[in-house]
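Asker: I need the structure of the sequence given here:
(one chain, ligands or ions: 1)
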Amino acid sequence: MPSKKALVRRPGPRLAEGLVTHVERTEVDLARATEQWEAYVEALRTHGWETIEVDPADDCPDAVFVEDAVVMYKNVALIARPGAESRRAETAGVEEVVASLGCSVNWVWEPGTLEGGDVLKIGDTIYVGRGGRTNAAGLQQLRAAFEPLGARVVAVPVSKVLHLKSAVTALPDGTVVGHIPLMDTPSLFGRFLHVPEESGSHVVLLGGDKLLMAAGAPKTAELFKELGYTPVVVDISEFERLEGCVTCLSVRLRDLYA
Ligand SMILES: NC(=O)NCCC[C@H](N)C(=O)O
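Answerer: Numbering: from 1, shown residues only. So this is what the prediction gives:
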């Protein structure tokens, strides 16, 4: 039965120490980030999502980017093993919540590494970025967990951005949207639409024609409007300083069994 729950995790006191890899470090304003996070959560709620707060992991500066800790497919949660060692302690709290929601739980094991930001699901096709945070063993373990359940896993090289979903996400009709300069191999995606801004590549499907997007992509929002979608815009500029995007601040649970 379709469910509309979303995991979120409040920004912790050490947010400003979060990792940066492909961007220069700039100062993060924690108070402003917290306001932006609250508005993000409110946007999910306004569009019918019941939000569930995962317990804080205050020693982990990047814990707010909760999508990296788990990958959901059907009722199965694959607990990630972050490629960034400083993020490994984030997964325990997420595991507890998905187990309490009745998910079947599976894990990525050493030597595998995998972060949820590298996983883009479009129906039963699961694109997995092989890049700085997800290695070949992690990818293979995801295949072993999900292919027997009916998924088709497509590996995608990622070298220019942090995660696959820093470069591409998908519209409700399955069209992949991305900003070509950030992509290694646009030709891997069957139906692809280039968008004019980097953060225009990031959409969270809220249901129906509603697309949650960052305020930093006004031209892309216009393009999506012309295609019949309704952008729901949130300012996440403090998270963008740490290479975060709208997708990484939540995990939507759409196929809970219970
Ligand atoms: N899925 C995502 O896009 N996650 C963003 C993670 C940003 C964090 N500063 C990191 O480098 O791990």
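
Asker: any chance you could map the helices in this structure?
Answerer: In the chain, the helices defined using DSSP state H lie at 30-46, 91-100, 136-146, 218-226, 237-240.

Asker: got these as a markdown table, with mean pLDDT, distance to W109 and mean neighbour count columns?
Answerer: C-beta here means a position set from N, CA and C on the backbone, and glycine is covered the same way. Shown next, in a markdown table, are the helices of the chain (pLDDT from 0 to 100; distance: least, Cβ to Cβ, whole Å; neighbours: other Cβ atoms under 10 Å):
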| stretch | mean pLDDT | distance to W109 | mean neighbour count |
| --- | --- | --- | --- |
| helix 30-46 | 98 | 31 | 16 |
| helix 91-100 | 98 | 12 | 18 |
| helix 136-146 | 98 | 7 | 19 |
| helix 218-226 | 98 | 38 | 17 |
| helix 237-240 | 98 | 30 | 21 |
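
Asker: nearest to the ligand, of these?
Answerer: Of all the helices of the chain, helix 237-240 sits nearest to the ligand, with 7.9 Å by Cβ to the nearest ligand atom.

Asker: Which strands and helices lie in contact with that closest one?
Answerer: If you count contacts as 3 or more Cβ pairs under 8 Å, 6 or more residues apart in numbering; DSSP states H and E, helix 237-240 packs onto helix 30-46.

Asker: Just send the helices of the chain back as CSV, with distance to S3 too.
Answerer: Formatted as CSV, the helices of the chain follow (distance: least, Cβ to Cβ, whole Å):
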stretch, distance to S3
helix 30-46, 13
helix 91-100, 12
helix 136-146, 19
helix 218-226, 26
helix 237-240, 26
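
Asker: what number of residues lie near the closest residue to the ligand within the stretch 151-258 of the chain?
Answerer: The nearest approach of the stretch 151-258 of the chain to the ligand comes at C248, 3.1 Å away (Cβ to the nearest ligand atom). For C248, the neighbour count with other Cβ atoms under 10 Å is 26.

Asker: before we move on, what about the one 3 residues further on?
Answerer: For V251, the number of neighbouring residues by other Cβ under 10 Å comes to 25.

Asker: Show me what the closest residue to it other than its chain neighbours bridges to in the sheet.
Answerer: Using Cβ to Cβ, 6 or more residues apart in numbering and skipping the chain neighbours, the partner closest in space to V251 is L7 (4.3 Å). Per DSSP bridges, residues listed as beta-bridge partners of L7: I52, V251.

Asker: Quick check: residues of the stretch 1-150 of the chain near the ligand?
Answerer: G18, L19, T21, D62, F65, E67, D68, A84, R87, G117 (Cβ under 6 Å from any ligand atom).

Asker: ok, now how distant is the residue in the stretch 101-250 of the chain that the ligand sits nearest to from G129?
Answerer: Residue nearest to the ligand within the stretch 101-250 of the chain: G117 (2.4 Å; Cβ to the nearest ligand atom). The gap separating G117 from G129 is 8 Å, by Cβ to Cβ, to the nearest Å.

Asker: list residues touching both of those two?
Answerer: Taking Cβ atoms under 8 Å, 6 or more residues apart in numbering as the criterion, G117 and G129 both touch H163, L164, K165.

Asker: in stretch 85-92, what's buried?
Answerer: Residues of stretch 85-92 classed as buried: R87, E90, T91 (neighbour count, 16 or more other Cβ atoms under 10 Å).

Asker: now, among the residues you listed, which is nearest to V195?
Answerer: Nearest to V195 among the buried residues of stretch 85-92 is R87, at 28.0 Å by Cβ to Cβ.

Asker: State the distance from the spatially closest residue to Y257 that is not a sequence neighbour to K160.
Answerer: Nearest residue to Y257 in three dimensions, chain neighbours excluded: N75, at 4.1 Å (Cβ to Cβ, 6+ apart). Distance, N75 to K160, by Cβ to Cβ: 34 Å.
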